[in-house]
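Quick one: sequence and predicted model below, then my questions.
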Amino acid sequence: MSGECADLAFRLASDSLRAIYFRRPVFLREPSDNLSPEDQLARTQWAAFMRTFMLFDDCRWMNHPAATYRAETKALQLAVAADLGFRVPSTMVSNTAVALSHVQSPIGTVVVKSLDTMILRQGRHQSFSYTQIVGVDTVREASLASAPAIFQQPLEAKLDLRVTVVGDWLFCVSITHEGQPIRGDWRLEKRDAEFAAYTLPSAVSERCLQLVRALGLSFGAIDLAFEDGEYFFLEINPTGEWAWLREHAAQPIDEAIASALTGG
Amino acid sequence: MGTARSHFLLETALVSERFADDLTPAGCHYDIKAGAWVVDGTEALLVETPGYRGPSTKKGDIETGEDQKSD
C-alpha cells in the first residue's frame, strides 16, 4: 500500500510496519447531502484504505478493527464475561416491556440503556442517552416499539470502577462524588467526580485481562461495579477514553500504550 | 389524530450543544513528517512546551461511550 499526504510519500508493507494504533475506528460509508461528491468519494475510499490495513496481521494492533466491531456488541460482552466467571446483571434486549419482571429489582426499578451508543445530531445540538435507573411502571407506559434497548437488573448501591487494560498492564480507579458512590451513570457527574487508584483482588484483575484477550483486543476500558462484596461486569469499550485518568488519577496509561505498541 | 409519542430513549436523552469538531490545539498545527503537534511560528513540539496540558483524546476527552460506527 502506498500514498501521498502533504508532500509526504509513504509506503506500508508487512516487512516494515510494526504496530497500528487504530484510535478512532469510524466507518465512513453513508452518503451525506452536506458533502460534495468529491468529498464523499475521498471519505469513503480513505476509510476503506484504512480498513485495508487488516492485511497486516503480523503487526501489533490496538485494536484490530474486526475485534473492535465484535467486542462492541454488549450482549456478547456480557456472555463472554460470564463465561470467564464474572457476575453480570440479568439483562434483556427488547423493544417491549412485557418481560421486565425478569430484570427488575425488588423495589420495582430497572436499568434502561441504549443497545448501541445513542448520540444524535440535530443542527448545533446533540442528544445523548445515558444509562438510567427508572421505575418499571414508567417504562411500561413509555414508547419503546420503534427501537430496541437494553433492560438490566439495577445495582442500586454500587461503587463504579473503571478498569483500563493495555496489553498486560491494568489500571483501575474508583469513581465517587464527594466521597460517595454515584447512583446511576457516573458520566453525568464526570466534571465533579473523584477518580482514585483502586486495587482489585488479583482474581478479578486476571479475569479482566482474560476478557480483553478473549475478545481479541489489546486495549479495553472496562466498567465494573462493586456491590455487596461482589464485582459485577457491566461493559467493555474497545475504544474508551483514557486521557483524563492520566490527568486526574495519575494513571500512566499513555506510557503503557506506547510500550505495548513498541513491544516494550 | 395525536402526535406519536417519542421513544423512551429520545424522551430522556440529554440534549446539549455539540462540541467543536475541530480539536486542533490553539496556536498549533500538525506536522505530518514529525508525527506531532507543533507550535505555529516556533515549530517547537507542543509536548515540550511549558503550557502543554497533557494528552487529550479523540473526542475532546468527552466520555460519551463508544464511537459512532458511521458518519
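Yep, it's here. What you see is a predicted model, and the numbers here were worked out from it, not measured in a lab.

show me where chain B has strands.
B:14-17, B:28-31, B:36-39 (DSSP state E).

pull the helix or strand with minimum mean pLDDT from chain B.
Least confident element among the helices and strands of chain B, by mean pLDDT, DSSP states H and E: strand B:14-17 (a mean of 87).

Partner strands of it, with direction?
Using DSSP bridges, strand B:14-17 pairs in its sheet with strand A:125-128 (antiparallel).

From the chain's centroid, how far away is the strand it pairs with?
In this view, strand A:125-128 has its centroid 19 Å away from the chain centroid, taken as Cα atoms, centre = their mean, to the nearest Å.

cool, and stretch A:228-248?
That offset, for stretch A:228-248, works out to 8 Å (Cα atoms, centre = their mean).

mind listing what's buried in it?
Across stretch A:228-248, burial judged by 16 or more other Cβ atoms under 10 Å in any protein chain shown covers A:231-246. Every residue, glycine included, has its C-beta placed from N, CA and C.

Let me know the closest of those to B:R18.
A:E241 (17.3 Å; Cβ to Cβ).

ok so the closest one is a helix residue?
No - counting by DSSP: H, G, I helix; E, B strand; the rest coil, A:E241 is not found in a helix; it is coil.

just checking, it touches A:A221?
Yes - A:E241 is within contact range of A:A221, at 7.2 Å (criterion: Cβ atoms under 8 Å).

where does the residue nearest to B:R53 when sequence neighbours are not counted fall, helix, sheet strand or coil?
Counting by Cβ to Cβ, 6 or more residues apart in numbering or on different chains, A:E247 is the residue found nearest to B:R53 once chain neighbours are left out, at 8.0 Å. Following three-state DSSP, we place A:E247 in the helix state.

Verify the stated contact: A:E247 with B:G54.
Yes - the pair A:E247 / B:G54 is scored as a contact, 5.1 Å apart, by Cβ under 8 Å.

What are the contacting residues of stretch B:43-55?
A:A243, A:R246, A:E247, A:D254, B:P25, B:C28, B:D31, B:A34, B:A36, B:W37, B:V38, B:V39 (Cβ atoms under 8 Å, 6 or more residues apart in numbering or on different chains).

hmm, 6 Å instead?
A:A243, A:R246, A:E247, A:D254, B:C28, B:A36, B:W37, B:V38 (Cβ atoms under 6 Å, 6 or more residues apart in numbering or on different chains).

Nearest to B:T12 among those?
A:A243 (28.5 Å).

Next, work out how far apart that closest one and B:W37 are.
Distance of A:A243 to B:W37, computed by Cβ to Cβ, to the nearest Å: 14 Å.

same deal with A:S114?
For A:S114 relative to B:W37 (Cβ to Cβ), the value is 34 Å.

And A:G3, by the same measure?
Taken as Cβ to Cβ, the span from A:G3 to B:W37 is 22 Å.

Check A:N34 too.
Relative to B:W37, and taking Cβ to Cβ, A:N34 is found at 28 Å.

which one of these two has more residues nearby?
B:W37 (17 against 7; other Cβ atoms under 10 Å in any protein chain shown).

Just give me the neighbour total for the residue nearest to that one when sequence neighbours are not counted.
Nearest residue to B:W37, sequence neighbours excluded (Cβ to Cβ, 6+ apart): B:L46, at 4.0 Å. Residues lying near B:L46 (other Cβ under 10 Å) number 18.

Please work out which of the strands of chain B is packed deepest.
Most buried of the strands of chain B by mean neighbour count (mean count of other Cβ atoms under 10 Å in any protein chain shown) is strand B:36-39; its value is a mean of 17.

What helices and strands are in contact with that one?
If contacts are counted by 3 or more Cβ pairs under 6 Å, 6 or more residues apart in numbering or on different chains; DSSP states H and E, strand B:36-39 sits against strand B:28-31.

which residues are in contact with the strand it packs on?
Strand B:28-31 is touched from outside by B:W37, B:V38, B:V39, B:L46, with contacts defined as Cβ under 6 Å, 6+ apart.

and which of those is nearest chain A?
Comparing these against chain A with Cβ to the nearest Cβ places B:V38 closest, at 13.1 Å.

so who does the closest one touch?
B:V38 neighbours (Cβ under 6 Å, 6+ apart): B:D31, B:L45.

For it, give me the pLDDT.
At B:V38, the pLDDT value in this model is 92.

That one and B:G51, how far apart?
13 Å.

List the buried residues of the helix or strand encompassing A:E206.
Per DSSP states H and E: A:E206 is located in helix A:202-214. Judged by neighbour count (16+ other Cβ under 10 Å), helix A:202-214 contains these buried residues: A:V204, A:R207, A:C208, A:L209, A:Q210, A:L211, A:V212.

so the last one touches A:A221, yeah?
No - the pair formed by A:V212 and A:A221 falls short of the contact definition of Cβ atoms under 6 Å, at 9.9 Å.

Please enumerate the helices of the chain.
Just going to use chain A. A:37-51, A:65-71, A:74-83, A:136-141, A:202-214, A:243-249, A:253-262 (DSSP state H).

wait, I meant chain B there
For chain B, the helices defined by DSSP H cover B:8-11.
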